[in-house]
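>>> any chance you can model this:
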Amino acid sequence: MEKDNTMANNLIDTLETKGEITITDGVKELFIEAVDDKEGYSYVSNTNEEFGNSREAVEWAIKKVKSTFLT
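Model (predicted):
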């Protein structure tokens with residue numbers, strides 16, 4: 001669990017700093033980018049999921065990776 005929290009925090013920091021993250025297994029790719037809209041920043045994935053904050057986006061990405069990439 002601590003490893004997941006550390007990974008999530010690192011991904012959140014990267015997303016907020018660089019404005020994007022990419023997770024890949026060499027075949028499949030998951031991408032999230034920050035979008036500056038009228039109300040501040042929101043986050044959008046390459047699967048068209050939208051998120052209100054970076055933590056929500058990263059938590060979704062981790063769940064998606066665990067369910068999609070590892071099966």
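
>>> what's the pLDDT at Met1?
Looking at Met1, its pLDDT stands at 60.

>>> likewise for Trp60?
Trp60 is given a pLDDT of 93.

>>> kindly report the same for Glu39.
Glu39 carries a pLDDT value of 76.

>>> pull the distance from the longest strand anywhere in the chain to the chain's centre.
Counting residues, the longest strand found in the chain (DSSP state E) is strand 29-37. In terms of CA atoms, centre = their mean, to the nearest Å, the centre of strand 29-37 is found 8 Å from the chain centre.

>>> which helices and strands sit right next to that strand?
With contacts defined as 3 or more CB pairs under 8 Å, 6 or more residues apart in numbering; DSSP states H and E, strand 29-37 has these neighbours: helix 2-18, strand 20-24, strand 40-45, helix 54-64. (Glycine included, C-beta is placed from N, CA and C.)

>>> list the residues that contact Ile23.
Each residue near Ile23 by CB atoms under 8 Å, 6 or more residues apart in numbering is listed here: Glu29, Leu30, Phe31, Ala61, Val65, Phe69.
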